[in-house]
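> Predicted model and sequence below, questions to follow.
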Amino acid sequence: MIQMRLEADSVSVHRAGRALVDDVRLQVAAGELVGLIGPNGAGKSTLLSALAGIDRKVSGTISIDGRPLHSIGANERALQMGWVEQSGTIHWPVTVERLVMLGRIPHLPVWCRASDTDRQAVENALSLCDCQALRHQQVTTLSGGERARVLLARALAAEPTLLFADEPISNLDLGHQLQTMQLLRGFSQERRSAIVVMHDLSLAARYCDRLYMMHQGRIVASGSVAEVLSAQNLADVYGVSVISGCESVPWIVPDQLLKQHGKT
């Protein structure tokens, strides 16, 4: 029997009389890497923050391991759930190692020092995110891509079993994009799962188990890569025709812009 880690039903988010997310139903099973895709302004980041409990002004129901999200205390959430914010801001000039250690706070009793277990978790996270060479650098001096990797390391240092990541590869070079997607793929095994907002459809096709496509606040397609990334869906939602293939790994590149987001 498939274990569902995350279930959302009739989830909506309204702001200033506008539905940013409208009647969304979504599931993430144990061991899955699920991609959330769609054009700019589709509601992906808003939905992700609602699913993670960051945004509380939400209607509908969200459950984690069969329990209503609102019934799970803050510390338990911090132990179970990791959050990687899009273009996360870092305000304090601490070292990278110190920032990543902050991910261990949910595991530390009040006023207790980090243990060997905590330090090993930080070391593992730094290694996974290729941040070991940055450990003594001030986080305020990092490039955008380095900062993205460090913030992912901070989330992983907490050893969550459910990870929410908002465009974790958007600021990364090609090598670190692949490294991060492989990391997320490796993370999503057994009981651990991840849901990731993405714009690179080729990487989404290559690494994700399933996809949800959003448009104007709604889920307009869901299922396997082949089902969601159909030529018709991409024409309807993105307004482009595409060239695609899967000789060794799936790939999709834009071919031409379709007039007024219509069809060829």
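Received it, and whenever you're ready, just let me know what you need.
> All the strands of this protein, residue numbers only.
Remark: strands assigned in the chain by DSSP state E are 4-15, 18-29, 33-37, 59-64, 67-68, 81-84, 162-166, 193-197, 210-215, 218-223, 240-245, 251-257.
> out of those strands, which comes closest to Leu174?
Closest of the strands of the chain to Leu174 is strand 251-257, at 13.9 Å (criterion: C-beta to C-beta). The C-beta positions use only the backbone N, C-alpha and C, and glycine is treated the same way.
> quick one: strands adjacent to the closest one?
With DSSP bridges as the test, strand 251-257 is paired with strand 240-245 (antiparallel).
> Ala50 versus Arg15, what's the distance?
Per C-beta to C-beta, to the nearest Å, Arg15 is found 12 Å from Ala50.
> Those two: who's more crowded?
Counted by other C-beta atoms under 10 Å, Arg15 and Ala50 do not tie: Ala50 has more neighbours, with 25 against 11.
> how about the strands of the chain in a markdown table, adding mean pLDDT?
Output for the strands of the chain, formatted as a markdown table (pLDDT from 0 to 100):
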| stretch | mean pLDDT |
| --- | --- |
| strand 4-15 | 96 |
| strand 18-29 | 96 |
| strand 33-37 | 98 |
| strand 59-64 | 96 |
| strand 67-68 | 96 |
| strand 81-84 | 96 |
| strand 162-166 | 97 |
| strand 193-197 | 98 |
| strand 210-215 | 98 |
| strand 218-223 | 98 |
| strand 240-245 | 85 |
| strand 251-257 | 77 |
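> any chance of those strands in CSV, plus distance to Ser230?
Shown next, in CSV, are those (distance: least, C-beta to C-beta, whole Å):
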stretch, distance to Ser230
strand 4-15, 24
strand 18-29, 19
strand 33-37, 13
strand 59-64, 27
strand 67-68, 35
strand 81-84, 29
strand 162-166, 25
strand 193-197, 20
strand 210-215, 10
strand 218-223, 8
strand 240-245, 9
strand 251-257, 11
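> Show me the one of those that comes nearest Asp116.
Among the strands of the chain, strand 81-84 sits nearest to Asp116 (C-beta to C-beta), with 21.8 Å.
> Neighbouring strands - and their directions - for that closest one?
Partners of strand 81-84, by DSSP bridges, with direction: strand 162-166 (parallel).
> residues of the partner strand that come out buried?
Buried residues in strand 162-166, counted by 16 or more other C-beta atoms under 10 Å: 162-166.
> Kindly report the same for stretch 75-89.
Buried residues in stretch 75-89 (16+ other C-beta under 10 Å): 77-86.
> Closest one to Ser244 out of the buried residues of strand 162-166, please.
Ala165 (24.6 Å).
> which stretches of the stretch 51-200 of the chain have low pLDDT?
For the stretch 51-200 of the chain, no stretch has pLDDT under 70.
> re the thing from before, would you tell me which of the strands of the chain gets closest to Leu234?
If you check each of the strands of the chain against Leu234 by C-beta to C-beta, strand 240-245 wins as the nearest, at 5.3 Å.
> in the closest one, what's buried?
240, 242, 244.
> Dump it to CSV, restricted to CA.
Extracted C-alpha coordinates of strand 240-245, given in CSV (Å, rounded to 0.1, in the frame of the first residue of the first chain):
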residue,chain,number,x,y,z
VAL,A,240,4.9,27.6,-27.2
SER,A,241,5.4,24.6,-29.5
VAL,A,242,8.3,22.4,-28.4
ILE,A,243,10.8,19.9,-29.8
SER,A,244,11.2,17.0,-27.4
GLY,A,245,12.8,13.6,-27.2
